[in-house]
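Trainee: got a sequence here, can you model it:
(chains A and B)
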Amino acid sequence: MVSFQFLVFVAVFYVAFLFVIAFAAERSAAKGKGKWLRSPIIYTLSLSIYCTAWTFYGAVGYAARSGLEYLTIYLGPTIVMIGWWWVLRKLVRIGRMHRITSIADLISSRFGKSTSLGVMVTLLMVVAATPYVALQLQSVTQSIAVFSQSAGQGWVTDDLDRATLWVAVGLAIFTIVFGTRNLDANERHHGIVIAIAVEAVVKLFALLAVGIFVVWGVAGGIGPTLELIDKSPIAEWDQHSGRWVGLTFLAGAAFLTLPRMFQVLVVENADENNLLMASWAFPLYLMLMSLFVVPIAVVGLDRLPAGSNPDLFVLTLPLAEGQSFLAIFSFLGGLSSATSMVIVATIALATMISNHIVTPIWLTSKGAGAMVSGDVRQLVIGARRLSIGGVLLLGYVYYLLSGGSAALAAIGLISFTGVAQILPALIGGLFWRGATRWGAVAGIGVGFVVWTWTLLLPSFGPDAVVPAAVFDNGPLGLRYLRPYALFGIDGIDPQLHAILWSMILNTTIFFVVSVLTFPQPLERLQGAQFVNVFEHSQGARAWTQSTAEAEDLLVMAQRIIGAGEAQALFQREAQLQGKASYLPDVTPDFVAHLERELAGSVGAATAHAMVGQLTQGVSVSVEDLIAVADEAAQILEYSNRLEAKSAEQERTALQLREANEKLTQLSIQKDAFLSQISHELRTPMTSIRSFSEILRDGDMTADQTVRYSGIIHAEAVRLTRLLDDLLDLSVLENGQVTLNMQRGTLRDLIDQAVSATGSGQAMAIKRRPAEENVPLYTDVDRLTQVFINLIANAQKYCDGEKPVLRIVTRQIGGSSVVDFIDNGSGIAKQNQQVIFEKFSRLTDARKAGGAGLGLAICREIMTRLGGEIAYLPGQGGAAFRVVLPPAS
Amino acid sequence: MGKRVLVIEDEPNIIEAISFILSRDGWTVHTHADGETANNKIKAMPPDLIILDVMLPGKSGFDILRDLRADGETHEIPVLMLTARGQTRDREMAERLGVTQFMTKPFSNAEVIESVRTLVAD
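Mentor: Here you go, the predicted structure:
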């Protein structure tokens, strides 16, 4: 007989052993020697938290009650591991890239880092997982009760409840100690993972040991066992095919969506390649776990007195056969199953609660200054510890409420159905870019309500929460809303009924609402990132123009990930940027990187909100939209390539058209120019021809002869000058001019120009000779030509009563300028540009005798010399500014 | 007193040349150098012949001709267009507007006299 004290001693010793292993693993990882902790074997073993006390004890009970149906619970995950490894790979990749902390974080992050969706998933998960935690507590209590009964110590219910409470407290302490050592939930909990792995081995060997003992020790070998199986009702194959399909699906869905499974599959995953081994090793583990379930059930039914709880055959069979140590080993196996599940589940749930409920609420209540003034780190750790206690307390309360009597398997299925409500949004979010936040909210919401109504509330039993009358007549007499016969469809197994309705309504509404609603930019961006995770090398770049100070960001980061780590992070970034100080520039890349780091501690939505409040940047920028557009571009690449080709042809055609237009334009300009020249040449020619004919006719006075030959001479001179100007301009325009560079001073050049124009009599010229002492190295003849032109123009066109020309030299912006300003009426604004064009004489300019080429020539000369000439508006009269070329 | 010829032209030397040869041939010559007021001048004292330049300040010879032909009082006055713009396009334009004769500069004095005599005799 095993005494109660001995059992307690064994249990305490076992838990202490786990503490030591976990502690050693953490030490080893901290010293950087924990490479083996990341091995695929450890990863595969950690997945075994799928096998809880439900599997350890409940599978036998399940088989004893419903035959082979228990296999569906193993079949679902096996199909997922073997057939859906690519979904897992995608999940793991996304989880690592976006530093996802939980399944709620994943859904929230996928649908635009939505806080509300995170809260929703968290609540659903807490509600769904609570019965499951209760189930583990119940199994531990029951197993202790078995020993006490066999020892003849018969406990009353109060004692059992108290024992359950102590189990819960113990688990809470272990989880708090090893689950909240590090704030970064994305960092692996090495201690816990190694403890789970050890427990995985313990529970497997315990079950195998019991199985081997039962087959060879009790039944007398394989042959007799098979005979027993043949005789038992389990062998009768009258399975409900709908239940089989439904339960297999449910187990597979739960494998993906259970918070604790997500924790070990994705969050604790150290290497994507670990999936390779897990994909065959984990199904093998499940197979071994299920190997002896039927023999134990059959032998138990055969040997133990009628009315024995089949859920406890694994314990009671060895006890009945007097194998105390085997029974204790079996007890430890069950304890392992229960504790490992509770520990990981509470860590996962606590992370969700602190990241998606506590921190956002605290952030909202504190406002913008929160992340620099408050201590986020302590807050998050505190929230996580409280949540761990809260989840276990909830489980304990559920255990008390449900009376601790329901079959283990039934409780497990309720939880499975609850967490499976995430599946449509999860799979839709991973593979369908059209999935939207509202679709996810609506689908999960409806699934949650249907699950609660058809499965969770009825599970407390008639009249516990839902009055018995409602089961028969529906709420308020609405018969189509009866929990077990929704929409009047009667006679389906309640479990299957709940799976069918919740999943069908959930999926349909998720799809329909997604199609009907339009995703936000950030949602589209995240959607693209998630769906095409393998094409992306980096996460969402949600920050473009940051107004945040690096120091504020550092203060915030220190509060969340700790001073040392935050400073190291900033210093690394500063080094990468090549800065001497330890503060990096706040680049968009850095902010995005920082956000991912923070997301590892507080979740994507919260990290995004915190960084967003500091950077005050709009969360989605034009660049993001471009990134989304780039996505679309990738999909349409083929059509784009075609378009590119036609665009190229179009460009060529456009270039040809432009060239043609240019040629036409040039041709028109040439015609106009020739027509102008023709006119300018013909006009003096007309006078010359006419007067020379008159002179030839003879019969004239001497005065007339002198006058007419004078006109002929003047017109000939005009013609010559015109031809000179034309040639000059042509040479300048073609760039064939050779500059005759000489040294000189500005004063000499202006002196020359003034004397050449014979000025000083008709028009007064005012100068500032002191300023004109500017040394020049240029083609002095050409520059003088410009000055002459400007002075001559002033003489011709200045209409002031007492014409005055001021020639002002000054230094502006490092270069010398010479302004020629007269006191006439100036040039109208619309003509100030035109005057530099060829033949651009303004009205009544003809009497001045120019051909309208002077200023065009001046402009060409100044361009050649490296200077400028421009009309200077706002000077009263006509004013021209000559910017001299630099002297060097 | 000979028949009156109105010379609308803005180049002083050309005005002087045309005035000289027409006066010598017995015509009474009036001159006008501004395009804008040309049509008023013509209506105020309709001449027997108009010698018209194209490039005039204010209003082009083509526009003067168009208005001239559109006006009942002046539409029958013969017009000899003398222009330095000798392109075919200009000639066609002038003919479309109803010019009586089109000559390009530089001109032969004898040809001008000949044309004036022919046009006024008609």
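Trainee: which parts of chain B sit against chain A?
Mentor: B:10-14, B:16-18, B:20-21, B:55, B:57-58, B:84-87, B:104-110 (Cβ under 8 Å from any Cβ of the partner chain). Backbone N, C-alpha and C define where each C-beta goes, glycine included.
Trainee: ranges for the helices of chain B?
Mentor: Using DSSP state H, the helices of chain B run over residues B:12-24, B:38-44, B:61-70, B:88-96, B:109-121.
Trainee: mean neighbour count and mean pLDDT added to those, as JSON lines?
Mentor: Listed next are the helices of chain B as JSON lines, based on neighbours: other Cβ atoms under 10 Å in any protein chain shown; pLDDT from 0 to 100:
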{"stretch": "helix B:12-24", "mean neighbour count": "19", "mean pLDDT": "93"}
{"stretch": "helix B:38-44", "mean neighbour count": "17", "mean pLDDT": "89"}
{"stretch": "helix B:61-70", "mean neighbour count": "20", "mean pLDDT": "91"}
{"stretch": "helix B:88-96", "mean neighbour count": "14", "mean pLDDT": "88"}
{"stretch": "helix B:109-121", "mean neighbour count": "16", "mean pLDDT": "90"}
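Trainee: from the chain's centre, how far out does the strand or helix carrying A:Asp751 sit?
Mentor: Here A:Asp751 sits within helix A:746-756, counting by DSSP states H and E. Offset of helix A:746-756 from its chain centre (Cα atoms, centre = their mean, to the nearest Å): 72 Å.
Trainee: check stretch B:23-39 too.
Mentor: 8 Å.
Trainee: again with stretch A:264-275
Mentor: 21 Å.
Trainee: now do it: everything it contacts.
Mentor: Here stretch A:264-275 makes contact (Cβ atoms under 8 Å, 6 or more residues apart in numbering or on different chains) with A:37-40, A:43-44, A:46-47, A:49, A:85, A:88-89, A:91-93, A:95-96, A:100-102, A:106, A:185-186, A:188-189, A:193, A:196, A:344, A:348.
Trainee: show me which of the residues you listed are buried.
Mentor: Burial by neighbour count, 16 or more other Cβ atoms under 10 Å in any protein chain shown: within the contacts of stretch A:264-275 this picks out A:37-40, A:43-44, A:46-47, A:49, A:88-89, A:91-93, A:95-96, A:100-102, A:106, A:185-186, A:188-189, A:193, A:196, A:344, A:348.
Trainee: the residue positioned nearest the centre of chain B and chain A, how far apart?
Mentor: What sits nearest the mean C-alpha location of chain B, by Cα atoms, centre = their mean, is B:Ile51, with 1.6 Å. To chain A, B:Ile51 is 13 Å away according to Cβ to the nearest Cβ, to the nearest Å.
Trainee: quick one: contacts for that residue?
Mentor: Contacts of B:Ile51 by Cβ under 8 Å, 6+ apart are B:5-9, B:18, B:79-80, B:82, B:112, B:116.
Trainee: take those residues and write them to JSON lines, including distance to A:Ala24.
Mentor: Below are those laid out as JSON lines (distance: Cβ to Cβ, whole Å):
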{"residue": "B:Val5", "distance to A:Ala24": "127"}
{"residue": "B:Leu6", "distance to A:Ala24": "123"}
{"residue": "B:Val7", "distance to A:Ala24": "122"}
{"residue": "B:Ile8", "distance to A:Ala24": "117"}
{"residue": "B:Glu9", "distance to A:Ala24": "117"}
{"residue": "B:Ile18", "distance to A:Ala24": "123"}
{"residue": "B:Val79", "distance to A:Ala24": "119"}
{"residue": "B:Leu80", "distance to A:Ala24": "122"}
{"residue": "B:Leu82", "distance to A:Ala24": "118"}
{"residue": "B:Val112", "distance to A:Ala24": "125"}
{"residue": "B:Val116", "distance to A:Ala24": "128"}
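Trainee: most surrounded residue in those residues?
Mentor: The residue in the contacts of B:Ile51 with the most neighbours, by other Cβ atoms under 10 Å in any protein chain shown, is B:Ile8 (28 neighbours).
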